[in-house]
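> Below are the sequence and a predicted model for it; my questions follow.
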Amino acid sequence: MCTLASVAIEDRIFRAVREQGQLPAFDAFSLVQKEGACLLHFCGAVRTLARAGRVRQNPPRWPLAPRMSPVLLRRLGLEVVDTRGPTRRFRKLSDTITLYPDVILGRGSAAIVYRGADMRSGKPVAVKVLSPKEPPPEPLRAWLRERFLQEPRLLAQFDHPHIVQVVDFGESPEGPWYAMEALEGGTLADRLGKRGNIPPDQVRTYFRALASALAAAAARNILHRDVKPGNVFNKGIKLADFGLAKVAPMPGETVNSVTAAGAMLGTPAYVAPERAGFGPGDFRSDMYSLGATIYHAATGHLLWDLPPDDEKWGFRHLRAEPIPIRNRVRGFPADLAKVIHRCLAKAPDERYPSFEALLKAVKR
């Protein structure tokens, strides 16, 4: 009986082939067999990798056909296919982190996320490297570097089951980088894009997990400032991307921030009213963004039926009330809808006084 999930088998085969350059399929099977994979699932994993264009037969005596028998398949030699075109070639990042420069997991305006491996544990990691699409002017380079390094420094403070874990970080000739746990299964945004809303019992599960994560951040005076479905991983329900996070000043402290005063950071559809009005906000602003995220999960809709980048979002957050959840989803639990709508109160003082209080309300 196979004890490994198909995705885990595919990942292990791909990493093994990459690490060795080329690997006989028989050796790859022996490797995953020790970890609990059966021959049937091994063959399925190889075929899946081949269909996705990630591995191929070498030398190409036979094509890697969908109906190839297990006996023949085990005779093949496997190698990784570089399907992503030319990319940067990195020098060694560290003694423990290996980066695969031709396996890009994501690309933003300021950084690229690559597939990697933690050589100490053998586990896959995601390696984020500062790499602006457009080189910034000289005065902004130090600011951008500081903003980038802030995220791993903040995440390193946490050992929380619902916050993504940083494995290592540092600087290389190519620039600053950090490695975090690789999370399969996509984000909540991916899930909502495919299925619309999620059932109320799962809404509660996501709500509790994310409120717990934000409670841990608030306890360290850290504001996330970009809570949204795209920053929530489904596996383990983990909050990620503290790239816009801010350490709020304690009473009596002077503000020392890498964000310009009056700037509104975050995603328009989920930003709190006080921050839509260019105010600084506090943990209750994250609570509003959490409410908007959970509303989206519960209904499959944003708070208002606007395009995500519409300029009217700020005004709606400040002045308009969202459509009641129970008007969108028939039979949705009234108690849970009430909690979500309280998180969406316009005035911060009308939301819950703490994430701990919110957690108690969600658990009822």
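Ah, there it is. Predicted, not measured: the structure shown is a model, and the values here were computed from it. Residues are numbered from 1 along each chain as shown.
> How is this structure divided into domains?
Following the assignment in automatic domain parsing, the chain carries domains at 6-80, 97-181, 188-363.
> which stretch in the ones you listed has the least confidence?
Least confidently modelled of the domains of the chain is domain 6-80, at a mean of 80 by mean pLDDT.
> Now the terminal residues of it, how far apart.
With CA to CA, to the nearest Å applied, domain 6-80 spans 18 Å between its terminal residues.
> ok, now stretch 308-317?
Using CA to CA, first and last residues of stretch 308-317 are 13 Å apart.
> Give the buried residues for it.
Judged by neighbour count using 16 or more other CB atoms under 10 Å, the buried positions of stretch 308-317 are 313-314, 316-317. Heads up, the C-betas are built off the backbone N, CA and C, glycines and all.
> which of those sit farthest apart?
Greatest spatial distance in the buried residues of stretch 308-317: 314 and 316, 7.3 Å, computed using CB to CB.
> looking at it, residue 54 is touching residue 15, isn't it?
No - shown here, residue 54 and residue 15 do not form a contact pair, counting by CB atoms under 8 Å, at 11.1 Å.
> re earlier: among the buried residues of stretch 308-317, which one sits closest to residue 94?
Nearest to residue 94 among the buried residues of stretch 308-317 is residue 313, at 41.0 Å by CB to CB.
> Find the residue closest to the closest one in space, skipping its chain neighbours.
Spatial nearest neighbour of residue 313, chain neighbours left out: residue 268 (3.8 Å); criterion: CB to CB, 6 or more residues apart in numbering.
> which residues does the residue lying closest to residue 97 once chain neighbours are set aside bridge with?
Excluding its sequence neighbours, the residue lying closest to residue 97 (CB to CB, 6+ apart) is residue 179, at 4.9 Å. Residue 179 forms beta bridges with residue 127, residue 168, as assigned by DSSP bridges.
> follow-up on the earlier one: of all the domains of the chain, which one is nearest residue 90?
Taking CB to CB as the criterion, residue 90 comes closest to domain 97-181 out of the domains of the chain, the separation being 5.5 Å.
> circling back to that earlier point, can you pull the contacts of the residue nearest to residue 97?
97, 116, 118, 125-128, 166-169 (CB atoms under 8 Å, 6 or more residues apart in numbering).
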